[in-house]
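**Student:** Below are the sequence and a predicted model for it; my questions follow.
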Amino acid sequence: MTDSIYAPRMARLADIRPMTELEKLFVVEFPDGSSLGHQPGQFVMLSIPGVGEAPISISSSPSRSNGHFELCVRRMGDVTGVLHRMKPGDVVGIRGPFGHGFPIEQMRGKDVLFAPGGLGLAPLRSLINQVLDERGSFGRVIILYGAKRPAELLFRDELEQWAARDDVEFHVTVDRGDETWTGNVGVITTLFPKITVDPRNTVAVTCGPPIMYRFVLMEMLGKGIPETQIYLSLERRMKCGVGKCGHCQINNLYCCKEGPVFTYAQIKNIPEAL
Amino acid sequence: MRLRVLPKERVPDLVRALMADYRVWGPKAKGPQFAFEPLYDPAEMRLDYNISILSPKVALQPPQERVAVFHLDGGFTVEPVIEAEPTVIFGMHTCDLHALALLDKAFSADFPDAHYLERRKKTLIVSMECLQPCDEHSFCKSMGTWTADSGYDLHLIDLGDAYGVYVGTEAGEALLAKYAQARPATDADVRRLNEVMSTKWPRFPHRLNFDAAELPSLLATAYDHPIWAELGDRCLSCGSCTNVCPTCYCFNVIDSPDLSLKEAVRMRRWDSCQLDEFARVASGENFREARAARQRHRMFRKGKWLYERFGEMGCVGCGRCIRACLTHINIVDTFNAIHASQHRR
């Protein structure tokens, strides 16, 4: 039988970990134990039969695959709403991995500055953990993470580990604190004055809501980091994931194929990109 | 190229014979217009049609098709649905033939789409030379699609009481041998054909005021042109232009359970970049919220981006989008206006 690029493989939810009010981490495995074989920055199309399909970035690092992968999913629409009501052992459909991820080979030997905002940590965590698992082949690792409220911080246990490491410069901020929060308060750009970088030798990586990019990019460019060394992961509506359906087009670029990871140089002249 | 001659009175028998072994799509009358539909009687076929409402792409990428069935049994199994049957598209005009070259590339690139490609593999194309423009909206001569020398299995040219038949492929040769008694062309036939083709030339006007090869570079200068706001003000976002376009292939994928809840179907449906929600993401952000941006997106696809990606122009000059637009948005006038304004500077 001829295969269809629109027919997913069956996968099982091995574990589900609540993270915040809106986000859960889904640990997914294929019944035959095969690995997804992804690169950090790629995404999958996640199906719930009879409900629909949505593009979801892969949150786990290939270096920690162990026959499963992780998806950090916000409850937003039909597919993610049903997914959030599922239990361990339930099945979903997976197509992919798709898209052009982070060029990790070109980052080796360099300092890496991560600036995820909110749910933007979901795709960046894959790369962060890959970099940390191969810590020796990178220069400085700087992580600046911003969320709206303390209750919206994702991967809290890992944030604590990153904060505790001597070889990671980690700063976190929230737009609005609460009675228990003793850390930084302010938008993510308020973290940039806390760090200095060697711009030629620094690769910067960011992902977050569209409004955030403009300001984070100004900070990165302000530090002298070249446009070709700033990577963004963009969100788009996707129906096929393979460069056909047209929904994810950013002018002449297909986000699902040429992206979702772009350099700032690639998209800076496209007004509808950000 | 091999040329045969097929007397016109034999065409109904040819179509009838084909219908026994193939699904045959041809132009039929639909009210005062014409539509490509499966033929059930050779007499329905109207080879004198000017242009079909939808392009014959409907035979290869139907407006709606199943792509997979999920069998739900606690887990699920997926059954891909590849619906391809031996098909002949009869009477396709050359603008649509050129459009097919683009669709073939779009569905083959990177991740081959078996739903389209299997159907395409089983489809034979019998195209037809237009001897006059469909109406005042066609600009096929400007786009270089008013004739064709490849892309077909057989190509018919009206010689009066007979068709000259160019054989484009072995499959076309075999089809002709099996289903029609076409005779080899004589020198007199060739002379007649050359005469027909040379009288065709002056009947077709150039409607673009410049060489279409300049379109991609012209549009490169026009991203911020004021004309997009004008078009955006008029556009109703109905999607008619993309529905009738022979090179538009964007689609939506929709899943739905059947009533038993034991099966679910994944459908693919035509979609349109002109609709408001086309580029809207889950967080609510819409990256082409303005109608002006959506019209610009369409015009750039047609005149620049598809060409740069696939080496085939995204516009074949059929004029369907012009005829279909309720607010008279006209792709020729748009390109000409941009050209004129850039040359005034």
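**Tutor:** Everything's here; your move. Quick caveat: nothing in here was measured; it's all calculated off a predicted structure.
**Student:** quick one: the strands in chain B?
**Tutor:** With strands called from DSSP state E, chain B shows them at B:2-7, B:23-30, B:33-38, B:64-73, B:75-80, B:87-93, B:123-128, B:154-158, B:162-167, B:183-184, B:251-257, B:263-270.
**Student:** so what's the residue in the stretch 101-250 of chain A that chain B sits nearest to up against?
**Tutor:** Nearest residue of the stretch 101-250 of chain A to chain B: A:G246, at 3.1 Å (CB to the nearest CB). No exception for glycine: its C-beta is placed from N, CA and C like everyone else's. With contact set as CB atoms under 8 Å, 6 or more residues apart in numbering or on different chains, A:G246 has these partners: B:249-251, B:271, B:273, B:278.
**Student:** what's the pLDDT at it?
**Tutor:** If you check A:G246, the pLDDT there is 97.
**Student:** next one: B:D73
**Tutor:** 85.
**Student:** Straight-line length of stretch A:115-124, end to end?
**Tutor:** Stretch A:115-124 has an end-to-end distance of 9 Å (criterion: CA to CA, to the nearest Å).
**Student:** from the chain's centre, how far out does that stretch sit?
**Tutor:** Put simply, stretch A:115-124 sits 5 Å off its chain's centre (CA atoms, centre = their mean, to the nearest Å).
**Student:** Identify the residues contacting that stretch?
**Tutor:** Residues outside stretch A:115-124 that contact it (CB under 8 Å, 6+ apart) are A:23, A:40-41, A:43, A:57-59, A:71-72, A:74, A:114, A:125, A:143-148, A:152, A:154-155, A:188, A:191, A:204-209, A:212, A:216, A:219-220, A:233, A:260.
**Student:** The same query, at a cut-off of 7 Å, please.
**Tutor:** The contact list for stretch A:115-124, computed with CB atoms under 7 Å, 6 or more residues apart in numbering or on different chains, reads A:23, A:41, A:57, A:59, A:72, A:74, A:114, A:144-148, A:152, A:154-155, A:188, A:204-209, A:212, A:216, A:233.
**Student:** thinking again about what came up before, need the strands of chain B in TSV with mean neighbour count, can you?
**Tutor:** Listed next are those as TSV, based on neighbours: other CB atoms under 10 Å in any protein chain shown:
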stretch	mean neighbour count
strand B:2-7	18
strand B:23-30	21
strand B:33-38	18
strand B:64-73	17
strand B:75-80	17
strand B:87-93	26
strand B:123-128	23
strand B:154-158	23
strand B:162-167	23
strand B:183-184	10
strand B:251-257	18
strand B:263-270	20
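**Student:** what's the closest of these to A:T196?
**Tutor:** strand B:251-257 (47.5 Å; CB to CB).
**Student:** Show me the domain layout of chain B.
**Tutor:** B:2-203, B:212-344 (automatic domain parsing).
**Student:** Save the strands of chain B as JSON lines, and put in distance to B:F111 too.
**Tutor:** Output for the strands of chain B, formatted as JSON lines (distance: least, CB to CB, whole Å):
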{"stretch": "strand B:2-7", "distance to B:F111": "36"}
{"stretch": "strand B:23-30", "distance to B:F111": "27"}
{"stretch": "strand B:33-38", "distance to B:F111": "28"}
{"stretch": "strand B:64-73", "distance to B:F111": "13"}
{"stretch": "strand B:75-80", "distance to B:F111": "14"}
{"stretch": "strand B:87-93", "distance to B:F111": "23"}
{"stretch": "strand B:123-128", "distance to B:F111": "21"}
{"stretch": "strand B:154-158", "distance to B:F111": "31"}
{"stretch": "strand B:162-167", "distance to B:F111": "33"}
{"stretch": "strand B:183-184", "distance to B:F111": "44"}
{"stretch": "strand B:251-257", "distance to B:F111": "14"}
{"stretch": "strand B:263-270", "distance to B:F111": "14"}
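**Student:** avg pLDDT for stretch B:52-59?
**Tutor:** In the prediction, stretch B:52-59 has an average pLDDT of 97.
**Student:** So that stretch, near chain A or not?
**Tutor:** No. Using CB under 7 Å from any CB of the partner chain, we find that stretch B:52-59 stays clear of chain A, coming within 14.1 Å at best.
**Student:** what's in contact with that stretch?
**Tutor:** Contacts of stretch B:52-59 (CB under 7 Å, 6+ apart): B:25, B:27, B:30, B:33-36, B:87, B:89, B:92, B:96, B:99, B:103, B:123, B:244, B:246, B:320.
**Student:** Likewise for stretch B:325-335?
**Tutor:** Stretch B:325-335 has contacts (CB under 7 Å, 6+ apart) with B:139, B:207-208, B:215, B:227, B:231, B:234-236, B:238, B:240-241, B:299, B:302-303, B:315, B:321-322.
**Student:** buried residues in that stretch?
**Tutor:** B:325, B:329-332, B:334-335 (16 or more other CB atoms under 10 Å in any protein chain shown).
**Student:** For the most centrally placed residue in chain A, what is the enclosing helix or strand?
**Tutor:** Central residue of chain A (CA atoms, centre = their mean): A:P123, 1.1 Å from the mean position. According to DSSP states H and E, A:P123 maps onto helix A:121-133.
**Student:** At the contact with chain B, which residues of the stretch 151-274 of chain A appear?
**Tutor:** Neighbours of chain B within the stretch 151-274 of chain A, by CB under 7 Å from any CB: A:209-210, A:235-237, A:239-240, A:242-247, A:251-252, A:257, A:272.
**Student:** Can you flag the buried ones in those residues?
**Tutor:** Looks like these have A:235-237, A:239-240, A:242-247, A:251, A:257, A:272 buried, using 16+ other CB under 10 Å.
**Student:** Can you show me the helices along chain A?
**Tutor:** For chain A, the helices defined by DSSP state H cover A:78-84, A:104-107, A:121-133, A:156-164, A:210-222, A:264-267.
**Student:** where does the stretch 101-250 of chain A have low pLDDT?
**Tutor:** Low-confidence segments of the stretch 101-250 of chain A (pLDDT under 70): none present.
**Student:** can you give me the strands in it?
**Tutor:** Taking DSSP state E, counting those that start in this stretch as the test, the strands found in the stretch 101-250 of chain A are A:111-116, A:141-147, A:169-174, A:184-185, A:202-207, A:230-233, A:249-250.
**Student:** which ones are touching the closest residue to A:F30 other than its chain neighbours?
**Tutor:** Once flanking residues are discounted, A:F30 sits nearest to A:A11: 5.2 Å by CB to CB, 6 or more residues apart in numbering or on different chains. By CB under 7 Å, 6+ apart, the residues touching A:A11 are A:28-30, A:91-92, A:94.
**Student:** Please pick the buried ones from those residues.
**Tutor:** A:28-30, A:91-92, A:94.
**Student:** Pick out the residue closest to the middle of chain B.
**Tutor:** Taking CA atoms, centre = their mean, chain B has its central residue at B:P246, 2.9 Å away.
**Student:** From the contacts of stretch B:325-335, list the ones also adjacent to chain A.
**Tutor:** Among the contacts of stretch B:325-335, chain A is touched by none when using CB under 7 Å from any CB.
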